[in-house]
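Colleague: my questions concern the predicted model and sequence given below.
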Amino acid sequence: VEKVHRGDQMDGLLYPAKKVPPIAKTDAEQEKVSQNVTSSKVDPLIKPRMEIVPALSSDFKQKVVNILLKYSNGLWANALPKLYQDTYQVKFPEDILNNLELLSDVCIVDYVSEAPRKAILYAKPQRHIDENLNVTEKAQRRDSMKATAEQRYEESKDQYTESVTVPPLVIPSEGPVSVMVLELKNTNEVLIRYVGKDYSSAQEQMEDDMKGYYSQNSTVSVAESLSVGQLVAVHAEEDAWLRAQIISLEDNRVKASNYFFWDLEKDLKQIVYKLHKQFTSLPFQAAKCKLAGLEVFCDDPVLVKAVESQACFKIFAVEILEESDTPLLVLYDTSGEDDININATCLKALYDKSLELHLQVDALYTNVRVTSVFSDGSLYCQVPSKGLSRLSEMLQKIEDFFLYKQTSELNLSLPFCGKICLFLSKGKWARVEIRIIHTRRALDVQFMDTGTVATVKVSELREIPPQFLREVIAIPPQAIKCCLADLPPNTGMWTPDAVLCLRDTVMNCPEFNMKVKNGSKGTTHVYLFAPENFPDMDRSVNQQIKNADLWKHQKDVSLSVTPIGTSSTKVTSDAVLTSGKLEKSHFDSARESSSAVSTIDMPPPLPLLKIGELMDVYVSVACHPGHFIVQPWKELHHLEALMEEMILYYSRSEGKSVDVEKNKLYAAKIGNQWYRVIIKGILRNGFLSVYELDYGKHEFVSIEKVRPLMDTFRKLPFQAITAQLAGVKSQQWSEEASIVFRNLVEKKPLVAQIQAVTESTNPWDRKIVTFLVDTSLPETDVWIHDFVSQSLVEFSKDD
């Protein structure tokens with residue numbers, strides 16, 4: 001009963017559950033068993049087939065024995081043909097399974113069930129095999145074994161080389177890079193594996209191949225002679241096979257560094273095999289890295305614990321700051337709505353908890369200072385506290401230090417998001433965190449202790465002096481994000497007039513009394529009072545803003561606008577109304593008053609090539625073959641330089657409202673960049689329809705994000721050229737054809753051959769008809785109109 005049950009459960013497995021193999025029988029006993037099996041168990045139809053099966057060669061039998069010796073607990077007979085073919089690359093004779101008694105001289109056949117018929121095969125002890133062979137067979141067997149041994153020796157010299165070399169791991173250079181964090185000793189020694197087709201996927205495939213090879217190949221060799229530095233194959237738990245390197249040998253213990261899971265230390269001599277050369281082509285996938293911004297505190301146990309909790313066995317997008325044997329990385333968790341900078345998040349574990357300020361509901365706070373106001377009505381406040389006093393003390397020490405030390409010695413050499421450094425604002429050093437990097441020269445920072453967001457030059461930032469670094473990092477941010485209770489943002493987007501009213505109200509009062517209503521999602525809901533008005537709720541700032549006639553058109557606003565100043569790492573500086581002006585440091589060519597009236601209406605027109613000539617272009621927008629936008633490739637670096645200067649200039653200029661007119665030129669902030677635009681329409685509630693003159697896009701923008709376009713920014717010709725594809729008939733383009741075209745050309749550098757030019761007084765109304773050619777392939781050029789025409793034919797067939 002036990003045998004039948006076990007056979008039913010294990011059907012299809014290579015080997016059965018552990019059990020004691022039957023004792024080998026004498027020749028007489030075996031002959032009796034064979035007679036009984038032949039007469040009572042074998043189907044009559046099989047008997048004629050048994051009689052015509054030729055005698056099996058000793059070489060064949062020895063090969064079967066070699067396989068069975070690997071399975072001390074027995075092997076299911078129906079698994080033998082596949083193992084035989086995989087091992088020797090020769091097909092297993094089909095009739096053998098119907099007459100297993102032909103193998104009885106070299107193995108024990110144990111039938112475990114009759115219907116269906118199943119048997120387990122066990123290798124006989126060597127003495128029983130030798131007894132059943134005649135003199136000739138014994139001689140043939142010895143010769144065969146000798147030849148096999150010599151062949152294996154020769155093969156092993158080639159396949160199991162002692163001095164195995166593996167190619168180095170190449171850090172991914174193209175596309176987004178992701179890694180899995182495996183383990184860390186400290187933040188300067190974090191073990192990772194790169195994720196992707198040529199990395200983690202290739203590793204998984206190799207592990208499967210190793211399992212198949214070492215589990216089923218009888219020629220595998222145990223690594224009997226081990227040496228430090230030797231690469232081996234290790235039979236790990238759960239039937240997994242891994243590559244490892246011997247790093248120490250002590251008595252009967254082997255310590256191996258596993259290239260995928262850090263250190264593996266155990267008695268390995270029984271499970272270490274020679275590494276076959278076919279498993280040496282893939283670079284070792286485990287790599288060490290350093291986490292940027294955490295280097296100085298790399299061994300701090302609190303920080304290490306935070307990184308383990310946040311990162312181990314998780315997959316992250318990475319920014320590679322330095323490529324080296326131990327690359328410098330920033331990890332990003334992109335699994336949620338907002339990207340989370342893991343480096344910056346873990347650094348917060350070093351905050352001094354005694355310096356954190358926790359506002360209490362219904363509590364009253366005095367001498368509160370409002371430090372910044374954002375376009376969604378949120379604001380940042382400073383509340384007198386132990387942490388604020390400690391911050392003032394440390395910043396004073398830094399200021400005294402810089403009086404006797406050249407600040408240029410601490411210039412920021414490697415900016416990255418989440419980096420905490422110093423910025424000189426209004427003659428005082430302040431802590432800032434880098435939030436967005438625009439170019440090599442310009443980036444956005446958030447003042448940690450006022451909440452203000454500003455665009456600054458990289459050259460204006462300084463490293464925190466090393467002797468003050470730990471103390472400065474330990475102080476939590478002293479700016480508390482608040483919003484006025486009973487007012488938006490909960491009820492919707494603030495109108496520009498409401499934001500300006502709030503700003504004027506709170507910025508003209510040096511201090512407030514503040515009462516806390518509640519807090520949610522990192523924002524505290526408060527009531528603000530001028531000291532002389534407390535506690536009269538009717539005279540609170542909240543009520544004054546609420547009573548003002550600023551909300552009557554609020555229900556008409558239909559545009560979705562992301563609030564600015566949230567705690568997410570995707571914070572931008574859009575429409576930030578700062579608490580004070582940063583010191584002016586404009587680039588020389590743009591030292592003009594923001595109220596100056598431009599004397600130059602238009603930049604010079606963009607020169608175009610003659611008909612038939614070739615021009616390198618970049619396709620910035622592609623709607624369909626009848627309408628797309630190209631930019632001259634050779635001018636793109638001039639455009640990038642212009643936009644960089646616009647970022648620096650307009651981030652420092654005063655944010656005054658602008659009287660706008662339709663069909664006039666302005667600078668507008670869209671996303672994180674400033675663009676040259678023309679206003680195409682004026683909408684309700686302070687929104688404008690604009691056209692980007694250098695990129696050819698139509699956008700909606702708030703009027704408070706618009707500034708006069710200064711003369712210095714009108715010198716470069718507008719870069720957007722409206723175009724139509726030559727070589728195809730003008731028509732109403734289907735959605736399918738538009739998608740095909742867009743995928744072929746948008747955001748790609750191509751070659752244009754102009755066929756016609758339609759001139760116009762306004763540069764943005766000029767239009768060209770042109771061929772487009774993709775020359776990125778090594779052996780052939782792709783003419784886009786040919787591809788589009790073929791696609792149209794295919795679409796018509798589908799219809």
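Modeller: Nice, thanks for sending it over. Predicted model only: the values in this text are computed from it and were never measured. Residues are numbered from 1 along each chain as shown.
Colleague: when you work out contacts or count neighbours from here on, use the C-alpha atoms and nothing else.
Modeller: OK.
Colleague: now do the contacts for the nearest residue to residue 509 once chain neighbours are set aside.
Modeller: Closest residue to residue 509 apart from its sequence neighbours, by Cα to Cα, 6 or more residues apart in numbering: residue 530 at 7.4 Å. Residue 530 makes contacts with 509, 511-513, 540-541, as judged by Cα atoms under 8 Å, 6 or more residues apart in numbering.
Colleague: most neighbours of all the residues you listed, which one?
Modeller: Within the contacts of residue 530, residue 512 tops the neighbour count with 24 neighbours, counted by other Cα atoms under 10 Å.
Colleague: so who does it touch?
Modeller: Counted by Cα under 8 Å, 6+ apart, residue 512 has contacts 366-370, 528-531.
Colleague: report the central residue of this structure.
Modeller: By Cα atoms, centre = their mean, the chain has its centre lying nearest to residue 317, at 2.0 Å.
Colleague: give me the neighbour count for residue 303.
Modeller: Neighbourhood size, residue 303 [other Cα under 10 Å]: 20.
Colleague: now residue 210: how far from residue 195?
Modeller: 20 Å (Cα to Cα, to the nearest Å).
Colleague: what about the two, which has more around it?
Modeller: The residue with more neighbours, out of residue 210 and residue 195, is residue 210; 23 against 20, by other Cα under 10 Å.
Colleague: do I have it right that residue 480 meets residue 380?
Modeller: Yes. The pair residue 480 and residue 380 qualifies as a contact (Cα atoms under 8 Å) at a distance of 5.3 Å.
Colleague: common neighbours of these two, please.
Modeller: Contacts common to residue 480 and residue 380, judged by Cα under 8 Å, 6+ apart, are residue 451.
Colleague: which elements pack onto the one helix or strand the residue nearest to the centre of the chain maps to?
Modeller: Mapping residue 317 onto the secondary structure by DSSP states H and E places it in strand 315-322. Judged by 3 or more Cα pairs under 8 Å, 6 or more residues apart in numbering; DSSP states H and E, strand 315-322 is in contact with strand 177-186, strand 328-333.
Colleague: how about CSV for those strands, with mean pLDDT added?
Modeller: As requested, the helices and strands packed on strand 315-322 are exported to CSV (pLDDT from 0 to 100):
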stretch, mean pLDDT
strand 177-186, 90
strand 328-333, 94
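Colleague: dump the ones you listed into CSV; add distance to residue 349 and mean neighbour count as well.
Modeller: Formatted as CSV, those follow (distance: least, Cα to Cα, whole Å; neighbours: other Cα atoms under 10 Å):
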stretch, distance to residue 349, mean neighbour count
strand 177-186, 15, 20
strand 328-333, 16, 20
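Colleague: nearest to residue 106, of these?
Modeller: The closest of those to residue 106 is strand 177-186. By Cα to Cα, the value is 48.4 Å.
Colleague: for that closest one, the distance to its chain's centre please.
Modeller: Relative to its chain's centre, strand 177-186 lies at 12 Å (Cα atoms, centre = their mean, to the nearest Å).
Colleague: just the CA atoms of that strand, as CSV, please.
Modeller: C-alpha atoms of strand 177-186 as CSV (Å, rounded to 0.1, in the frame of the first residue of the first chain):
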residue,chain,number,x,y,z
VAL,A,177,18.5,52.0,-15.1
SER,A,178,17.0,49.9,-12.3
VAL,A,179,18.6,47.9,-9.5
MET,A,180,17.6,45.5,-6.8
VAL,A,181,19.3,46.2,-3.4
LEU,A,182,20.4,42.9,-1.9
GLU,A,183,22.3,43.8,1.3
LEU,A,184,24.7,46.3,2.8
LYS,A,185,27.5,46.4,5.3
ASN,A,186,27.4,50.2,5.2
